[in-house]
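Student: need the 3D shape of this:
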Amino acid sequence: MTEVKQLVKGLADQYGRNEECLLPILQGIVTSEQHISEDAMVEVARELNISAAQVYGTATFYSFLHTKPLGKYVIRVCKTITCMMHGKNQIIKELESLLKVNLGETTHDGKFTLMETNCLGQCHKGPAMLINDKPYTDLTPEKVREIVMMYRNKELRSN
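Tutor: Numbers count the residues shown, from 1 in each chain. Coordinates of the predicted model:
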């Protein structure tokens, strides 16, 4: 049995095999594999006895599910009107400049992916971003430079 088949079977054993279990299974795949491959979508459809189109539709609808590999650190910048009014566009420009990528892209070394996402629940402290599961609020270009440098230094220490 392939790794993908084993993973999907294990998640289906854990969450169940009905349609309501689709989202937790897809989240489990992302947690384990960082993205949902076509093979994984086919296996989920087979395991839950639903169409591959339904699995694909769900996998591409939610912003925290990914169908292509992402960087080690996924930076999600809140795109709500509140964050925009507090300088979100400056934050994105700073991140694009620092990382040398545009929104939706991953750095050449595979370390950072830059994305926009819907509300992070931090409107009172905007602009806000999430790096993997860690929120950062009250952002300024200077604060963003410090945060990115902290992650880069962390990578240097781990190599």
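Student: so which strand or helix has the nearest residue to residue 148 once chain neighbours are set aside?
Tutor: Among residues not flanking residue 148 along the chain, residue 98 sits closest, at 5.1 Å (Cβ to Cβ, 6 or more residues apart in numbering). C-beta here means a position set from N, CA and C on the backbone, and glycine is covered the same way. In the assignment (DSSP states H and E), residue 98 maps to helix 88-99.
Student: burial count for residue 66?
Tutor: Using other Cβ atoms under 10 Å, residue 66 has 20 other residues around it.
Student: how about it, secondary structure?
Tutor: Of the three states, residue 66 takes coil under DSSP: H, G, I helix; E, B strand; the rest coil.
Student: quick one, what contacts the residue nearest to it when sequence neighbours are not counted?
Tutor: Closest residue to residue 66 in three dimensions, ignoring its sequence neighbours and counting by Cβ to Cβ, 6+ apart: residue 35, at 4.4 Å. Going by Cβ atoms under 8 Å, 6 or more residues apart in numbering, residue 35 touches 66-70.
Student: what separation is there between the residue sitting nearest the centre point of the chain and residue 31?
Tutor: In the chain, the centroid-proximal residue (Cα atoms, centre = their mean) is residue 64; its distance is 4.7 Å. Here residue 64 is placed at a distance of 10 Å from residue 31 (Cβ to Cβ, to the nearest Å).
Student: what's in contact with the helix holding residue 98?
Tutor: With Cβ under 8 Å, 6+ apart as the test, helix 88-99 has contacts from 75, 77-79, 102-103, 107, 112, 114, 116, 126-127, 129, 139-141, 144-145, 148.
Student: and the contacts of residue 35, which are buried?
Tutor: 66, 70 (16 or more other Cβ atoms under 10 Å).
Student: can you pull the contacts of the closest residue to residue 128 other than its chain neighbours?
Tutor: Of all residues not flanking residue 128 in the chain, residue 122 sits nearest, at 3.8 Å (Cβ to Cβ, 6+ apart). Residue 122 sits next to 78, 128, 135, 137 when contact means Cβ under 8 Å, 6+ apart.
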